[in-house]
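S.K.: Predicted model, plus sequence, below.
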Amino acid sequence: MKISLPTFQDSLAARARCGDRVRHTPLLRSAVLDRAIGGTVLLKADSLQHTGSFKLRGAMNAVLSLVENGHAGGIVAFSSGNHAQATAYAAAAAGLAATIFMPSDAPAIKTRATKSWGATVVPFDRVADDREALARAEAERTGAALIPPYDDPRIIAGQGTCGLELAEDAATMGLIPDAVLVPVSGGGLAAGCALAMEEMAPGCAVYSVEPEGRDDHRRSLVTGERQSNEPGGSVLCDGLMSPAPGELTFALNRRRLAGGLVVTDEAVLRAMAFAFLHLKLVVEPSGAVGLAALLSGVFDGRNRVTAVVLSGGNVDPDTFQRALALA
């Protein structure tokens, strides 16, 4: 069955559906950061979203869409952490049971938070197991609804509310972004933001940002076809480890993204330290890749208005200490 791609109108509908269940997160400026970059930087602090990441936007839209259509059964999802927490939170808000498949090496802070919302967490081996197959089998066995982390029109539309807020708040400041830097794994956030910026700031260039060794989007944008990452490599950015772009997300991103940027683990840790010391924000590695691209010079923000999505703040203490050690 062919699935229709979401549109800008779907993101508007998602915002209306979710209402104040999803927090309108702030768009921040810093004189220290502007001076360091030589341009104007806008920080979309979705690290301050309920559950600590942008993922609630898509999960809440998906769950409420199911409820609107009469679904009263459970919810099943698979995630390395942030989609897990968001889906557990959204299911609890709707009074639905949730079963979440999470890798056994997921950060403890994310596993604990998922359980705290009443979800049943089922661990799996990140390398050996097919997480989607496990979740799909559970959904079929129980009659629950499967909510994937990114390749779903409801998820993409929900993530697009981040872009809506960013464009509107920038306009309130009298600014139009020249570029938006978005962390990317499966591509749902980038696709949603690209749809919003295409409508609300047509001249704005949207870039995906990935950690070194996980640059499937960059390579896919170059070739025009979905590329996969090799197994292994760093797990610092644990939320950006999808093996390849989603089918739906890439169908949107291929025509809308200006390109892909890649950053090192050291640049990510230094960006986390900068955010804490100068911006008073706690940002997880996956959420800091856009800021890392700007601070490291991978993206030249001089004499431009650059918006950066800080997509999450769920970092474990040991990793955060690694970042602060580089300050």
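M.R.: Alright, I've got the coordinates.

S.K.: Now for the nearest residue to residue 37 once chain neighbours are set aside: which residues touch it?
M.R.: In this structure, residue 37 finds its nearest non-sequential neighbour in residue 301, 4.3 Å apart by C-beta to C-beta, 6 or more residues apart in numbering. Every C-beta, even on glycine, is put in place using the N, C-alpha and C of the backbone. By C-beta atoms under 8 Å, 6 or more residues apart in numbering, residue 301 lies in contact with 37-39, 41, 179, 294.

S.K.: Just the buried ones from the residues you listed?
M.R.: Neighbour counting with 16 or more other C-beta atoms under 10 Å marks 37, 39, 41, 179, 294 as buried within those.

S.K.: any idea how far residue 36 is from residue 167?
M.R.: According to C-beta to C-beta, to the nearest Å, residue 36 and residue 167 sit 24 Å apart.

S.K.: which one of those two has more residues nearby?
M.R.: Under the criterion of other C-beta atoms under 10 Å, the comparison of residue 36 against residue 167 puts residue 167 first, with 23 against 15.

S.K.: What is the neighbour count of the residue lying closest to the more buried one once chain neighbours are set aside?
M.R.: Computed as C-beta to C-beta, 6+ apart, the closest residue to residue 167 that is not its neighbour in sequence is residue 200, at 3.8 Å. Residue 200 has 18 neighbouring residues, counting by other C-beta under 10 Å.

S.K.: element containing residue 322, please.
M.R.: Using DSSP states H and E, the element containing residue 322 is helix 317-324.

S.K.: send the alpha carbons of that helix over as CSV?
M.R.: Output in CSV follows, covering the C-alpha atoms of helix 317-324 (Å, rounded to 0.1, in the frame of the first residue of the first chain):
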residue,chain,number,x,y,z
PRO,A,317,26.3,12.0,33.7
ASP,A,318,29.5,10.2,32.6
THR,A,319,29.1,11.5,29.0
PHE,A,320,28.4,15.0,30.2
GLN,A,321,31.5,14.9,32.4
ARG,A,322,33.5,13.9,29.2
ALA,A,323,32.2,17.0,27.6
LEU,A,324,32.9,19.3,30.5
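
S.K.: Which other helices and strands does that helix contact?
M.R.: Packing partners of helix 317-324 (3 or more C-beta pairs under 8 Å, 6 or more residues apart in numbering; DSSP states H and E): helix 265-279.

S.K.: Starting from the helix it packs on, tell me the next helix or strand along the chain.
M.R.: helix 289-295.

S.K.: Give me the contacts around that following helix.
M.R.: Residues outside helix 289-295 that contact it (C-beta under 8 Å, 6+ apart) are 36-37, 41, 43, 181-183, 207, 209-211, 237, 240, 261, 263-264, 267-268, 270-271, 274-275, 283, 298-299, 301, 306, 308-311.

S.K.: Filter these down to the buried ones, PyMOL style.
M.R.: To isolate the buried members of the contacts of helix 289-295 in PyMOL, using 16+ other C-beta under 10 Å:
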select buried, resi 37+41+43+181+182+183+207+209+210+211+237+240+261+263+264+267+268+270+271+274+275+283+298+299+301+306+308+309+310+311
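
S.K.: Okay, and the beta partners of residue 208?
M.R.: residue 182, residue 260 (DSSP bridges).

S.K.: from what I can see it touches residue 260, true?
M.R.: Yes: between residue 208 and residue 260 there is a contact under C-beta atoms under 8 Å: 4.6 Å.
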